[in-house]
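# what would the 3D arrangement of this be:
(chains A, B, C and D)
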Protein chains: 4
Amino acid sequence: MKVGFLGLGRMGQAMAGRVLGGGHDLVLYNRTRDKCAELEKAGAKVAASMTEACRGREVVISMLTDDKALHEVVKDGIVPGLAKGAIHVAMGTHSVAALREIEAIHTAAGQVFISAPVLGRPEAVAAGTVTIVAGGPKDAVAKVQPLFALIGRRTFDCGVKPEGAAAVKLANNMVLGCAVEAMGEGFALTRKYGVDPAAFFEVMTDGLFNAPAYKVYGSIIAKEGYATAGFTTALGLKDTNLMLAAALSANVPLPSLNVYRDRLLTAMANGEGDLDWSVIARVQARASGLK
Amino acid sequence: MKVGFLGLGRMGQAMAGRVLGGGHDLVLYNRTRDKCAELEKAGAKVAASMTEACRGREVVISMLTDDKALHEVVKDGIVPGLAKGAIHVAMGTHSVAALREIEAIHTAAGQVFISAPVLGRPEAVAAGTVTIVAGGPKDAVAKVQPLFALIGRRTFDCGVKPEGAAAVKLANNMVLGCAVEAMGEGFALTRKYGVDPAAFFEVMTDGLFNAPAYKVYGSIIAKEGYATAGFTTALGLKDTNLMLAAALSANVPLPSLNVYRDRLLTAMANGEGDLDWSVIARVQARASGLK
Amino acid sequence: MKVGFLGLGRMGQAMAGRVLGGGHDLVLYNRTRDKCAELEKAGAKVAASMTEACRGREVVISMLTDDKALHEVVKDGIVPGLAKGAIHVAMGTHSVAALREIEAIHTAAGQVFISAPVLGRPEAVAAGTVTIVAGGPKDAVAKVQPLFALIGRRTFDCGVKPEGAAAVKLANNMVLGCAVEAMGEGFALTRKYGVDPAAFFEVMTDGLFNAPAYKVYGSIIAKEGYATAGFTTALGLKDTNLMLAAALSANVPLPSLNVYRDRLLTAMANGEGDLDWSVIARVQARASGLK
Amino acid sequence: MKVGFLGLGRMGQAMAGRVLGGGHDLVLYNRTRDKCAELEKAGAKVAASMTEACRGREVVISMLTDDKALHEVVKDGIVPGLAKGAIHVAMGTHSVAALREIEAIHTAAGQVFISAPVLGRPEAVAAGTVTIVAGGPKDAVAKVQPLFALIGRRTFDCGVKPEGAAAVKLANNMVLGCAVEAMGEGFALTRKYGVDPAAFFEVMTDGLFNAPAYKVYGSIIAKEGYATAGFTTALGLKDTNLMLAAALSANVPLPSLNVYRDRLLTAMANGEGDLDWSVIARVQARASGLK
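Numbers count the residues shown, from 1 in each chain, chains lettered A, B, ... in the order given. This is a model prediction of the structure:
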């Protein structure tokens, strides 16, 4: 397939690498050209502009850090460059509002828009173990599925609206945040009754909660290993802002999200913004008079 | 070991059966004698009174439905019947306040007290797949471990205070309740964006939440199968009362528990007390304007 | 009217004093007899037992500290002593569950039961400025209204069930607790924007919140005068337990109460149990990174 | 004083009218010119453009509906038109983020910026009974105080940052929202115990809560008079978004606000967006199984 790729940060490079590895005809563009160097060596072409990277492509994938970058790339690059009927797949995490606007812009330009964020870190993309949540017209999603199959091990159908994919990614992260908050409450309660955190960790993860969410974060909490941040409190808070915005736009009250988010805000207010976001469990411990 | 067993409801019978199967000398007592029939056939003796069931036993296990029953059995049966230095293991789910009082009573009588509730249903006890959370003096717990090894597949050390075991069981259930509440919020949010609940279920359980808590309850929520109650809203609410009491006694604020509990109360108020407690997800859906 | 009075703590003495001042025939009983001395001098008779204090009385008023004391007094004194058709008015703050049970006991004994707690402190009782919330049979409430008119400046009709009066008193206190919590949030937010707490206090109490609840507690918060406790955090927490129990019994979710109560628990956990309960505003300030 | 006035909606007209009534030299501008007609008759001049309305003025007052309008007016009108050292007073309700940006723009242009929203409705402005919360440099606030004295009956000093005034207005509204939510919880609890809402209303407003917030909204709730909206749920929700944004920007967790806001979202989701926002009490009643 003739594929364009815009946005070659860590995630973008890993994804583009897998697409190239599948034998597709790949044209890249990145503002900082040297991010393209490795893929160019491996056989990808590098375009001189965003528009050129879209010209004649059947599919253009974007992997951008935020809504602002997506808006600019769509307006200045993809809309003028991409042919009618061709597909833009946005694989970054964007707000539902931005996706709705971008969809309208592409529709007006006769182009097709899919939102397809991945669940997983860059290392997991490189290893092919991430999953993809995709929202967009069924036939378009079907058409790009061969690319998704190279990037991730499984694609989930999130309906015909691009914003559905964002809702799923955000909701999945929200369920994680709430799980960590609940664990924090459980650890605090049991500690106050003289229970070793390691024991409560074992009870949870041996049984009902034998899953990565509890193993990874329960372990950090039990060991109070917040200093090495996989994802900081500050970033976690930004993520919850997207969740709140999605909920506002659809009129959904989310009381558990609010509890989780208030912990993040408390951590921020107390100088813990650069620690791993699971430090919310320490916020709970403090509120419980521990330490 | 010479073992007495008081309280032969479904759970008690399953536990006593496994102790007997391990070749121990077992004496039973139950208010309704016919609950002992099957175990009697299998070789257990049946005592004429609680006190008699405790006489000369090294260990007495109680499996009672609530604090009131435990108090009566301890006062009228175990304290007068059990020898000094012998051990009472309470395997029911009791409040931390009751366990604290019972511990004081046994200590005053020169007897040893352990709290050791199981995590799992009667079927799982019969199959030997439950786990046990045990709190009490280390040497006493070590002494009864051969019995625990017959009843469950693993014992977790919850510290030297009996109430620690109750705290762990309650906290584990609380983490479950909060997980279901969070799932309910996630399902409502994604449904409002046109996402099939089955897809969101797959996303969660394929990845971070690949665990029984999410598979079992996520499946009920996705299919709205609340009519067949594994555990009712009314019972769930009772359980949260024990959690709140444990938190009050230790001065621990539990905001996520409160969110979860408010959903149970809302379900109760709207005639959903006899449904499966995961119907709280439907309460969330209604609040979100769904259906 | 022939009136008996049981329970002569500070509140009881103030109330009994006003009844006596109205010219009624008053018989007192208190476990510690010397609490009756002053009223005896003023003309009241002192009975040798609870039962005797109820004998031949048209109305017996109890002013007791808790449910346990009320249960004992009813069982050992009022039920055996009071004539059929005579009235017991419980003016202490009791749980709805206790009131329900006591009502059933009196009904079985052919006696009439009213719950009528006062809103206000002992000084206000002495000054006649408190109000009374009364629940019970209409004709019985009408009959004792002359006594209420001596004790308080106004009586509110809380319906025909004694527990209705308790619900009103608890709900009124709950609305107060939530107001103080909300103020605490408002003070924290404005302080973080450089606003003098005294200014925010003025804005509130000059306008929409020109009422004792905001003036009294807003002033304490603005000055951080938590050391002189009018009512401690520990007592405030006990009060919220009665609210929660009333809500549980009627299946009412109360999310704002939970927020308020979690602040009290946090204050308790951090050694602030003996301070004025409005210290919850300091808990909020800390969570916001202030001071 | 030479005063310019931009934005003549209902609020703007009422304010400008009072300034004119004080004998000041007033130049108006409004996109829709006919909104200026009445004031023109009364002696005000009408400028042909925003810039012209600012030219040579000592003070320009803006009363605009939202941040977007404020940004445009500042960029296209006030910054180019207003002299160095002259003052812009924004009297609309704006986000703290917008005020911070506008302040920076004015500072860069050598102009002075004050934020001074009013507390009260247009009718109250016309009657001169509103109050003003003002944030900005002390000498500038002092200079415009004669104008504030015409518009409102009292000015509150919210510190030297314009955003402080917004924080105070938002916090005051938040305290109101939380009060109404708490009342809704109190009404639901007491109704479930058979208490007439009118009685609970009397209890509250006779005592601790003898203030407009409780009298106005308690009365609406007691009578379920939500159909005549003073301020709709939809507008209330918008207001809470500004509160949340202010809290986010200052890292302040606001759990009571979240409870209140979740009620608004639930009302929105259930078709109650056009009713009076105090309909959140009906949301609570429904959750409690009432009606």
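
# could I have stretch A:13-20 exported to PDB, CA atoms only?
Taking C-alpha atoms only, stretch A:13-20 is exported to PDB below (Å, rounded to 0.1, in the frame of the first residue of the first chain):
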ATOM      1  CA  GLN A  13       9.200   5.700  14.500                       C
ATOM      2  CA  ALA A  14       8.300   2.400  16.000                       C
ATOM      3  CA  MET A  15       5.000   2.300  14.100                       C
ATOM      4  CA  ALA A  16       6.500   3.400  10.800                       C
ATOM      5  CA  GLY A  17       9.200   0.800  11.200                       C
ATOM      6  CA  ARG A  18       6.700  -2.000  11.400                       C
ATOM      7  CA  VAL A  19       4.800  -0.700   8.400                       C
ATOM      8  CA  LEU A  20       8.000  -0.600   6.400                       C
END
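
# where's it relative to the chain centroid, distance-wise?
Between the centre of stretch A:13-20 and the centre of its host chain there is 17 Å, according to Cα atoms, centre = their mean, to the nearest Å.

# likewise for stretch A:64-84?
For stretch A:64-84, the distance to the chain centre is 19 Å (Cα atoms, centre = their mean).

# span of that stretch from start to end?
22 Å (Cα to Cα, to the nearest Å).

# contact partners for residue A:8?
A:16, A:28, A:30, A:35, A:36, A:39, A:63 (Cβ atoms under 8 Å, 6 or more residues apart in numbering or on different chains). Every C-beta, even on glycine, is put in place using the N, C-alpha and C of the backbone.

# for the first one, grab the count of nearby residues.
The local packing of residue A:16 (other Cβ atoms under 10 Å in any protein chain shown) involves 30 other residues.

# correct me, but it touches residue A:5?
Yes. If you go by Cβ atoms under 8 Å, residue A:16 and residue A:5 touch, sitting 4.6 Å apart.

# overlap of the contact sets of these two?
In terms of Cβ under 8 Å, 6+ apart, residue A:16 and residue A:5 are both contacted by the residues A:26, A:28, A:44, A:61.

# pick the one among the residues you listed closest to chain C.
Of all the shared contacts of residue A:16 and residue A:5, chain C sits closest to residue A:61, with 41.3 Å by Cβ to the nearest Cβ.

# got a list of what residue A:180 touches?
Counting by Cβ under 8 Å, 6+ apart, residue A:180 makes contact with A:213, A:217, A:221, A:260, A:277, A:278, A:280, A:281.

# got it, and residue A:46?
A:27, A:28, A:29, A:33, A:36, A:40.

# drop anything exposed from the residues you listed.
Listed as buried from the contacts of residue A:46 are A:27, A:28, A:29, A:36; burial here means 16 or more other Cβ atoms under 10 Å in any protein chain shown.

# so the third one sits right up against residue A:77, yeah?
Yes. The criterion here is Cβ under 8 Å, and residue A:29 meets it with residue A:77 at 7.4 Å.

# surely residue A:161 meets residue A:137?
No. With contacts counted by Cβ under 8 Å, residue A:161 stays clear of residue A:137, the gap being 9.4 Å.

# looking at those two, which is more packed in?
Shown here are residue A:161 and residue A:137; by other Cβ under 10 Å, residue A:161 has more neighbours (21 against 15).

# list the helices and strands the helix or strand hosting residue A:97 packs on?
Per DSSP states H and E: residue A:97 is located in helix A:96-108. For helix A:96-108, the packing partners by 3 or more Cβ pairs under 8 Å, 6 or more residues apart in numbering or on different chains; DSSP states H and E come out as helix A:67-73, strand A:87-90, strand A:112-115, helix A:162-191, helix A:233-250.

# now the element after the first one, going C-ward?
The one in question is helix A:67-73. Sequence-wise, the next helix or strand downstream of helix A:67-73 (DSSP H and E) is helix A:79-81.

# not counting its neighbours along the chain, what's nearest the most centrally placed residue in chain A?
Nearest residue to the geometric centre of chain A (Cα atoms, centre = their mean): residue A:93, 4.7 Å. Of all residues not flanking residue A:93 in the chain, residue A:117 sits nearest, at 5.0 Å (Cβ to Cβ, 6 or more residues apart in numbering or on different chains).

# kindly report the same for residue A:12.
Nearest to residue A:12 is residue A:63, by Cβ to Cβ, 6+ apart, at 3.7 Å.

# likewise residue A:94?
Closest to residue A:94 by Cβ to Cβ, 6+ apart is residue A:67, at 5.4 Å.

# check the one you found and give its pLDDT.
pLDDT, residue A:67: 96.

# so it is in contact with residue A:98, correct?
Yes. Under the criterion of Cβ under 8 Å, residue A:67 makes contact with residue A:98 at 3.9 Å.

# the two - which one has more neighbours?
Between residue A:67 and residue A:98, counted using other Cβ under 10 Å, residue A:98 has the larger neighbour count: 23 against 18.

# quick one, what contacts that one?
Applying Cβ under 8 Å, 6+ apart, the residues near residue A:98 are A:67, A:70, A:71.

# just those residues now: which is nearest residue B:50?
Comparing the contacts of residue A:98 against residue B:50 with Cβ to Cβ places residue A:67 closest, at 69.4 Å.

# how about the residues of chain A by chain D?
Counting by Cβ under 8 Å from any Cβ of the partner chain, the residues of chain A lying close to chain D are A:237, A:241, A:244, A:247-248, A:251-255, A:258-259, A:261-263, A:265-266, A:268-269.

# run the last query once more with 6 Å
Chain A has residues A:251, A:253, A:255, A:258, A:262, A:265, A:266, A:268, A:269 near chain D, with proximity defined as Cβ under 6 Å from any Cβ of the partner chain.

# among these, name the ones in helices.
Mapping the residues of chain A next to chain D onto helices (DSSP state H) picks out A:255, A:258, A:262, A:265, A:266, A:268, A:269.

# so which of the residues you listed also contact chain B?
residue A:255.

# how about the ones in helices among the residues of chain A next to chain D in TSV, adding neighbour count and pLDDT?
Below are those laid out as TSV (neighbours: other Cβ atoms under 10 Å in any protein chain shown; pLDDT from 0 to 100):
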residue	neighbour count	pLDDT
A:255	25	98
A:258	26	98
A:262	24	98
A:265	24	98
A:266	25	98
A:268	23	98
A:269	22	98
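
# could I get the ones in helices among the residues of chain A next to chain D as a markdown table with distance to residue B:121?
Shown next, in a markdown table, are these (distance: Cβ to Cβ, whole Å):
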| residue | distance to residue B:121 |
| --- | --- |
| A:255 | 29 |
| A:258 | 33 |
| A:262 | 35 |
| A:265 | 40 |
| A:266 | 38 |
| A:268 | 42 |
| A:269 | 43 |
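
# so which of the ones in helices among the residues of chain A next to chain D comes closest to chain C?
Taking Cβ to the nearest Cβ as the measure, residue A:269 is the one of those closest to chain C, at 3.2 Å.

# so what's residue A:30 closest to, chain neighbours aside?
Residue A:30 sits nearest to residue A:8 (Cβ to Cβ, 6+ apart), 4.1 Å away.

# got a list of what residue A:238 touches?
If you count contacts by Cβ atoms under 6 Å, 6 or more residues apart in numbering or on different chains, residue A:238 has none.

# how is chain A partitioned into domains?
Listed by automatic domain parsing, the domain ranges of chain A are A:2-160, A:166-287.

# just the endpoints, please. Distance across the last one?
Right, domain A:166-287. Domain A:166-287 stretches 33 Å from its first residue to its last (Cα to Cα).
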